[in-house]
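> Below is the sequence, then the predicted model.
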Amino acid sequence: MNTRPLLLAKGVTLYLSEENFEAIILLGQLEQSIQHPAISHQPRAISHLEIPLQAEASKKIITPEENVYLAGLKSNRMSSGVHDNLYAYSLALKHNQELVVLVALDLLGLFWDDVEKIRQKVVKEVGVPSGTTSPLKPEKIIIACTHQHSGPDTIGLWGPNDDLSGVSKKYMAYLREQVAESIKSAVNSLKEAKISFSTTSAPGISVNIRDEKIIDNEIGVMKVEDVKGETIAVMINYASHPEVLWSENTLLTSDFPYYLRQKVEQKLGGMDLYFNSAQGCMITPKVEDHTFKEAERIGLSLAEKVLESLNSTNSSNSTNSMNSMNSMNSMNSMNSILLKREVIELPWENPIFEVPLIEGEFKVIERELYSGKVRTEVSALTIGDAQMVTIPGEASPTIGLRLKSKMKRPYKFVLGLGNDEIGYILPKDDFTKEVYKYEISRSVGPKTAPIIEEKLTQLMGHQWGQL
């Protein structure tokens, strides 16, 4: 049975079960609220009755075991080998009874239906994770894709021709197994941890080829360490299409994130998770040509920025108790990690992708519509000093910047392709602009962005007691 130490007095330690330990913590917080009702919603360190943050990371290979149709760029592009392995990275974070898992996949995208299959598989097999008292909830698992363009077709649009899907059912079954194993390994191996955040800007590495003036160059970084100071994981959030390698490439690769992660892991240890941001419409690496050498240059340039930011005195400090973090000075200590999720429906307004592409006998996209609507989800997550939102596709940087402007925490993350890939998400006004003709053809419709932004604003507002 797992036990936890509770310091009663100098030199006196009582070892309790996980369940009894957390019960005593809650009683201690309740007593303070009763004694000081006027400040019951103000967070504070609770002397020796602190609730430690717990974390762990894991990764599993998701490289196809046989040649597959490659996603993105053009149809009928069959893989011929492997340059670097593709991975599923999982980072589990727990504080009090809130357990969340952040998953980054080296894939172009994954439909919500497939995300749900993975979630249900995990919660069924995990039940109550080791060292916890509550079951893992499916909505607490965030699965995002890096959006690389040299991996297996998991959407269906890049088969041998425009009328045939490129999705391999055998690979999708393998993918579910590997992602589930990655998540299970992380949530069943939690240990005490501490978190710090940093942010930096990386101008000139990527470019908006539709409008150079509209771009978010920010890199958001979250570093997770164990109590000895050893790196568990580094989470990186940056907007750009991992498409340095172009259509001539037939080797499986994660593109520039491979070099980014490799460099950061070499320097800091642990595991590096890359999450894309609002990279739609159309943020892409600024390269001389489409080679692995250029992918390496982009990845190493980003890694240098990340490492510099973590060495900066501007990064936030934290301890192994989330209650003691600087981020807690305007937030109830019970909510130091908080995730809110909402399932939404979006009107299907794109005639290009109508029957039979989705609903016909020869459909190539395996996605269910609900009375002519696309069902998906958005979520808002607070972790101490940081606030994060998920967007179920490729959002315009305009949308990403607007969402960041509504966040109240100093460290702001927009997780693109979070739990879904519904295509490009543009501001409603952009649907009248010729420059976005391609993105419009690969979108659900003009009502999508307003619905997503409104719902995320509500979720963020609920977190901060503003609505």
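That came in fine, so what should we check first? Since the structure is predicted, the reported quantities are computational estimates derived from the model, not experimental observations.
> which secondary element of this structure has the worst mean pLDDT?
Among the helices and strands of the chain, helix 18-35 carries the lowest confidence by mean pLDDT, DSSP states H and E, at a mean of 43.
> buried ones in the following helix or strand past that one?
Per DSSP states H and E, the first helix or strand lying C-terminal to helix 18-35 is strand 54-61. By 16 or more other CB atoms under 10 Å, the buried positions in strand 54-61 come out as 54, 55, 56, 57, 58, 59, 60. For the C-beta atoms, the positions are set from N, CA and C on the backbone; glycine is no exception.
> do the same with stretch 292-301
Across stretch 292-301, burial judged by 16+ other CB under 10 Å covers 292, 294, 295, 296, 297, 298, 299, 301.
> Need the residues that contact it.
With contact meaning CB atoms under 8 Å, 6 or more residues apart in numbering, stretch 292-301 is reached by 83, 202, 205, 240, 244-245, 253, 255-263, 285, 287-288.
> Do I have it right that residue 141 meets residue 120?
No. The criterion here is CB atoms under 8 Å, and residue 141 misses it with residue 120 at 10.0 Å.
> Which one's more surrounded, these two?
Under the criterion of other CB atoms under 10 Å, the comparison of residue 141 against residue 120 puts residue 141 first, with 26 against 13.
> Now for that one: which residues touch it?
Shown in contact with residue 141 (CB under 8 Å, 6+ apart): 100, 101, 103, 118, 119, 122, 183.
> Tell me how far it lies from residue 182.
Distance from residue 141 to residue 182, counting by CB to CB, to the nearest Å: 11 Å.
> One more: residue 275?
Distance from residue 275 to residue 182, by CB to CB: 15 Å.
> Could you list the domains of this structure?
Following the assignment in automatic domain parsing, the chain carries domains at 3-39, 53-467.
> hmm, back to that, what residues are shared contacts of residue 141 and residue 182?
With CB under 8 Å, 6+ apart as the test, residue 141 and residue 182 both reach residue 103.
> Correct me if wrong, but residue 374 is in a strand.
Yes. Counting by DSSP: H, G, I helix; E, B strand; the rest coil, residue 374 is found in a strand.
> then stretch 86-100 to CSV, C-alphas only?
Extracted C-alpha coordinates of stretch 86-100, given in CSV (Å, rounded to 0.1, in the frame of the first residue of the first chain):
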residue,chain,number,x,y,z
LEU,A,86,7.2,8.9,-34.3
TYR,A,87,6.1,9.1,-30.6
ALA,A,88,3.1,9.4,-28.3
TYR,A,89,4.3,11.6,-25.3
SER,A,90,2.1,11.7,-22.2
LEU,A,91,2.5,14.0,-19.2
ALA,A,92,0.3,13.2,-16.2
LEU,A,93,-0.2,16.0,-13.5
LYS,A,94,-2.1,15.5,-10.3
HIS,A,95,-2.9,17.9,-7.5
ASN,A,96,-5.5,17.1,-4.8
GLN,A,97,-8.2,15.1,-6.7
GLU,A,98,-7.6,16.7,-10.1
LEU,A,99,-5.6,14.4,-12.4
VAL,A,100,-5.0,15.6,-16.0
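> Only the buried residues of it, if you could.
Here stretch 86-100 shows 86-96, 98-100 as buried, counting by 16+ other CB under 10 Å.
> Quick one: the residues you listed as CSV, columns for secondary structure and distance to residue 216 too.
Formatted as CSV, these follow (DSSP: H, G, I helix; E, B strand; the rest coil; distance: CB to CB, whole Å):
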residue, secondary structure, distance to residue 216
86, coil, 26
87, strand, 25
88, strand, 26
89, strand, 23
90, strand, 26
91, strand, 23
92, strand, 28
93, strand, 25
94, strand, 30
95, strand, 29
96, coil, 32
98, strand, 28
99, strand, 30
100, strand, 24
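> now the residues you listed as JSON lines including distance to residue 269?
Supplementary listing: the buried residues of stretch 86-100 in JSON lines, determined by distance: CB to CB, whole Å:
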{"residue": "86", "distance to residue 269": "22"}
{"residue": "87", "distance to residue 269": "16"}
{"residue": "88", "distance to residue 269": "20"}
{"residue": "89", "distance to residue 269": "15"}
{"residue": "90", "distance to residue 269": "17"}
{"residue": "91", "distance to residue 269": "14"}
{"residue": "92", "distance to residue 269": "18"}
{"residue": "93", "distance to residue 269": "18"}
{"residue": "94", "distance to residue 269": "21"}
{"residue": "95", "distance to residue 269": "23"}
{"residue": "96", "distance to residue 269": "28"}
{"residue": "98", "distance to residue 269": "26"}
{"residue": "99", "distance to residue 269": "24"}
{"residue": "100", "distance to residue 269": "23"}
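> Quick check: the farthest pair among these?
Using CB to CB, those reach their maximum pairwise distance at 86 and 96, which is 34.4 Å.
> now, of the domains of the chain, which is deepest in the fold?
domain 53-467 (a mean of 20; mean count of other CB atoms under 10 Å).
> Run the chain-centre distance for that one.
Counting by CA atoms, centre = their mean, to the nearest Å, domain 53-467 is centred 4 Å from the centre of its parent chain.
> mean confidence for that domain?
Domain 53-467 shows a mean pLDDT of 91 in the predicted model.
> quick one, what contacts residue 444?
By CB under 8 Å, 6+ apart, the contact list for residue 444 reads 346, 347, 348, 349, 350, 374, 422, 423, 425.
> What is the nearest of the residues you listed to residue 152?
The nearest one, if we look at the contacts of residue 444 relative to residue 152 and count by CB to CB, is residue 423, at 18.3 Å.
> and the gap between the closest one and residue 395?
For residue 423 relative to residue 395 (CB to CB), the value is 10 Å.
> Give me the subset of the contacts of residue 444 lying in strands.
Among the contacts of residue 444, DSSP state E puts 346, 347, 374, 425 in strands.
> Tell me who's in contact with the last one.
Residues in contact with residue 425, defined by CB under 8 Å, 6+ apart, are 280, 391-396, 399, 443-444, 448-449, 452.
> and of those residues, the nearest to residue 149?
Of all these, residue 149 sits closest to residue 394, with 12.2 Å by CB to CB.
> I am finished for the moment; much appreciated.
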